[in-house]
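>>> Sequence and predicted structure are below.
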Number of protein chains: 2
Amino acid sequence: MEFKVNSRALDKLLGNIIPAVPTRTPMPILENFLFDIKDGSMIISATDLEISLRSSINVPSDENKKMVIPARLLYDIIRSLEDTLITFQTDGNSKLQLSTENGVYNIAYTSAEDFPDIPTVSTEKEIAMNGIDLKKAIDQTSFAMSKEDMRPAMTGTLLEFSTDGLRFVTTDGHRLVKYLNKNFKSETEEQFIIPERAISVLTKLLGEADVKLYLSKTHISFQIGDLEFITRLIGEKYPAYNSVIPLENENKLFISRPDLNSAIKRMMLFSSASSKQVKFSITSDNLQVSAEDIDHGSNAIENIKCTYDGDPMDIGFNTAYVHDILSHIDDENIIFKLHSPTKACIIEPENVKENEELMLLLMPVRLNS
Amino acid sequence: MEFKVNSRALDKLLGNIIPAVPTRTPMPILENFLFDIKDGSMIISATDLEISLRSSINVPSDENKKMVIPARLLYDIIRSLEDTLITFQTDGNSKLQLSTENGVYNIAYTSAEDFPDIPTVSTEKEIAMNGIDLKKAIDQTSFAMSKEDMRPAMTGTLLEFSTDGLRFVTTDGHRLVKYLNKNFKSETEEQFIIPERAISVLTKLLGEADVKLYLSKTHISFQIGDLEFITRLIGEKYPAYNSVIPLENENKLFISRPDLNSAIKRMMLFSSASSKQVKFSITSDNLQVSAEDIDHGSNAIENIKCTYDGDPMDIGFNTAYVHDILSHIDDENIIFKLHSPTKACIIEPENVKENEELMLLLMPVRLNS
């Protein structure tokens, strides 16, 4: 078998596929790319059994061949080469030879027999989205996925198709994010849970290119330009998250997000490692935030202007969670909707785009008296 | 005690001092800054007992005071503040209060009694250098310091004052770098060995500012603008490095440094983890570099144009060491001076500045036959 391919084109392709190659795995074959050369096209894929990536490039090959090639080594060689033409040759046995004008590189390849099958998702049901819209939905919600395996559904991001639009929901039991894109209204309600690793790889692949989504009961596939990204879904029922969202939090606090976040960053330095707590003392025109580290005998108080329409209230939060939430809202001004120091607090941007809704929920913590 | 200081000025000062604060230490007091407020000036210092940093800022304080303040916490607070005026106040007991327009921060401080003394170096003997010259000398030599504690002298960088100029020498027994700056000729020969940690901190502090060096038998001090950097010296005799430098390596190989380094980067992918070896096969107009990883059944060969005036020779090197050396020469063209496959090889840039000399020595390795 022999064909030629441009180093830059192959570099780009392998760079897209390699995120699916696991760095540590008990199955060494997964540390390879699968090359499938067939009828003038070369399909390259990789999988860690949870996520898979696949793309192809046209190559004028004289024969069809499947082989399994060490992914990291091949990628490192290709990306270290200048813009040049690489000749791929096999002796039909176990040696792949790459050659350029100045160099010859021999790599051992293995048979494709043992490489796991990469799932295919029927293209019957297609949803077309703008890559930037999808990336935004993921970036605004992914931080609140649970890191704990106790409830597997919560370790992923919920995609919920509904008559209101396409909803992205994440929660770890302490906070919850719900993002709605109203451009994608659906006649039927359907839920899909995407695992954390798939979300973190997907967000790096997304850009301005349009994306097509294909869904099955067990998998979701994203077609991004020439690249196909497939992930298994978490086959669990997502918790009934609407039951924890308070319907009426009548006390509204309006505040500048950058001002509050700047103060919260300093409060993180003073919250003790055990309680991680920040206290909000709210009056009609002033929010006082304070934190104390008893172990180190240090404490901090800051005052930030605000507008608040309820009775004065003291309420405690996990400082890092407040920081997380404030860092994932774009708007300059935000609203805290409160009921009482023991009830869930709702945080929303003051302004959202016409086709969007964003709601963040944060559970308070009991204040050290 | 009470005084005011600008947050940005203090941020800059603390950022200069904090590199001397150890991240892990069995002596918790070293995790602090020493504040010495005296007669309108505030001297701030930190030390890990090997290196020390000290700088000062004018403050209109009403009294003199010495105190020891948690370094990381204070630095993190100050750099998170906007450009503002900070009031420092103590209750005379153990509480330092910082206040700004919007916030109040209380930090526990401790007495300065137990803080180790920071050595002072007599300013009798002064050498003035340009910061960029000093940085260049360090950057070209520091990579070859030994990581092994068996011979403590070799874990540092040798500063050698001589009638030829100021020499910087490093070696780990496999390679040696000798850099000479002829602008600093000295009437007497003197040697000082600076520890690795001091070198790595110093290079980050150096810039366009002029530097003054002060030397004693045990310490060296660098005055960089307002900042004083003091390090202990390694009190050992540096090995007689000149005895390993061959006087006459008659076979000269002229080659493009970027071309060779590009090939060497790929050879690193193929050198086996056990031998780490690259083979140079040299003829009059061609250098063939090759590497083999027997464990993984892979190998690579590249050809690079060169000019060579000796008999054809095969010689082996540690691939990573070749890469290190090539990455620390500025010139586009370099010369390998060779004698035989078992003798030390000299590598030099083809062109150096008039006031400089640079020589790198690399020991060959025995070729796998």
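Great, that's in hand.

>>> And residue A:129, how close does it get to chain B?
Residue A:129 sits 38 Å away from chain B, going by C-beta to the nearest C-beta, to the nearest Å. Every C-beta, even on glycine, is put in place using the N, C-alpha and C of the backbone.

>>> contacting residues around that residue?
Residue A:129 makes contact with A:184, A:210-213 under the criterion C-beta atoms under 8 Å, 6 or more residues apart in numbering or on different chains.

>>> Repeat the analysis, applying 10 Å as the threshold.
A:135, A:137, A:166, A:181, A:183-184, A:206, A:210-213, A:222 (C-beta atoms under 10 Å, 6 or more residues apart in numbering or on different chains).

>>> how about the strands in the stretch 1-150 of chain A?
A:2-6, A:32-38, A:41-47, A:51-58, A:65-70, A:85-90, A:95-99, A:103-108, A:126-130 (DSSP state E, counting those that start in this stretch).

>>> out of these, nearest to residue B:368?
Proximity to residue B:368 (C-beta to C-beta) singles out strand A:103-108 among the strands of the stretch 1-150 of chain A, at 16.4 Å.

>>> Return the helix or strand in chain A with minimum mean pLDDT.
For chain A, counting by mean pLDDT, DSSP states H and E, strand A:126-130 ranks last in confidence among helices and strands (a mean of 92).

>>> which neighbours does that one have in its sheet, and in what orientation?
Note on strand A:126-130: by DSSP bridges, its sheet partners are strand A:210-215 (antiparallel).

>>> Only alpha carbons, please: show the strand it pairs with as CSV.
These are the backbone C-alpha positions of strand A:210-215, laid out as CSV (Å, rounded to 0.1, in the frame of the first residue of the first chain):
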residue,chain,number,x,y,z
ASP,A,210,-22.3,24.7,12.2
VAL,A,211,-23.0,21.6,14.1
LYS,A,212,-25.5,18.8,13.4
LEU,A,213,-26.7,16.7,16.3
TYR,A,214,-27.9,13.1,15.9
LEU,A,215,-29.5,11.3,18.8
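
>>> quick one: it to chain centroid distance?
Chain-centre distance of strand A:210-215: 16 Å, with C-alpha atoms, centre = their mean, to the nearest Å.

>>> average pLDDT across it?
Strand A:210-215 carries an average pLDDT of 96.

>>> and for it, what are the contacting residues?
Under the criterion C-beta under 10 Å, 6+ apart, residues A:120-135, A:159, A:161, A:166, A:184, A:190, A:192, A:202, A:205, A:220-225, A:227-230, A:233 lie in contact with strand A:210-215.

>>> hmm, back to that, kindly reformat the contacts of residue A:129 as TSV containing distance to residue A:145 and neighbour count.
Output for the contacts of residue A:129, formatted as TSV (distance: C-beta to C-beta, whole Å; neighbours: other C-beta atoms under 10 Å in any protein chain shown):
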residue	distance to residue A:145	neighbour count
A:135	16	19
A:137	13	23
A:166	18	22
A:181	18	21
A:183	24	13
A:184	21	18
A:206	17	22
A:210	26	14
A:211	20	23
A:212	24	14
A:213	19	19
A:222	18	23
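
>>> Burial check on the closest residue to chain B within the stretch 151-300 of chain A, number of neighbours?
Across the stretch 151-300 of chain A, the shortest distance to chain B (C-beta to the nearest C-beta) belongs to residue A:297, at 3.6 Å. Applying other C-beta atoms under 10 Å in any protein chain shown, we find 14 residues neighbouring residue A:297.

>>> And for the one 3 residues further on?
Taking other C-beta under 10 Å as the neighbour definition, residue A:300 ends up with a count of 24.

>>> so what's the backbone phi/psi at it?
Here is the backbone geometry of residue A:300 (degrees, to the nearest 10): phi -150, psi 150.

>>> Quick check: the gap between it and residue B:100.
Going from residue A:300 to residue B:100 by C-beta to C-beta, to the nearest Å gives 11 Å.

>>> Which neighbours do these two have in common?
By C-beta under 10 Å, 6+ apart, the residues touching both residue A:300 and residue B:100 are residue B:77.

>>> Wondering if stretch A:325-341 reaches chain B at all.
No: between stretch A:325-341 and chain B, judged by C-beta under 10 Å from any C-beta of the partner chain, nothing touches; the nearest distance is 14.1 Å.

>>> Nice, that's everything, thank you.
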